[in-house]
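Engineer: The sequence and its predicted three-dimensional model are supplied below.
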Amino acid sequence: MDFLTFNTFVTKYILIFFYYLFSIGFPIGLLLFKGKLLKKFPQVAHYLKEKTNLKFWLIVLVLFLFGELFFRMFFEMLIGYFDMHDYLYEIANGLKKL
């Protein structure tokens, strides 16, 4: 009954699924659609041909890792929020029985 009245959320499992889907799927999707992206933005393609040095790719790698870290912390915050709701609901139900 708690599931039907939205007192118990399924979002924790859904959030974990979407986190892994996005964190694995986004880089793969960028690699697959790289050609289309470069055709749509020719100035980026021209810049990449000129700037293929180690410094550029190191910056790209650091930005990617920070993006993944931010994304992970965001989803952990959401999961913590929904866990807090579940714990507070259990405490409230325990107090009603007293």
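Structural biologist: Here it is on my side, so go on.
Engineer: for the helix or strand containing residue 47, packing partners?
Structural biologist: Per DSSP states H and E, residue 47 falls inside helix 42-50. Judged by 3 or more CB pairs under 8 Å, 6 or more residues apart in numbering; DSSP states H and E, helix 42-50 is in contact with helix 34-40. Using the backbone N, CA and C atoms, a C-beta is placed for each residue, glycine as well.
Engineer: Just give me how far the helix it packs on sits from the chain centre.
Structural biologist: Chain-centre distance of helix 34-40: 24 Å, with CA atoms, centre = their mean, to the nearest Å.
Engineer: Can you give me the neighbour number for the nearest residue to residue 39 once chain neighbours are set aside?
Structural biologist: Take residue 39 and drop its neighbours on the chain: the residue closest to it by CB to CB, 6 or more residues apart in numbering is residue 45, 7.7 Å away. Residues near residue 45, counting by other CB atoms under 10 Å, number 14.
Engineer: in terms of contact, does residue 45 touch residue 38 like I think?
Structural biologist: Yes - with contact defined as CB atoms under 8 Å, residue 45 counts as touching residue 38 (4.1 Å).
Engineer: Where do the helices of the chain begin and end?
Structural biologist: Assigned by DSSP state H, the chain shows helices spanning 11-32, 34-40, 42-50, 54-97.
Engineer: For the longest one, the averaged confidence score.
Structural biologist: The predicted model assigns helix 54-97 a mean pLDDT of 86.
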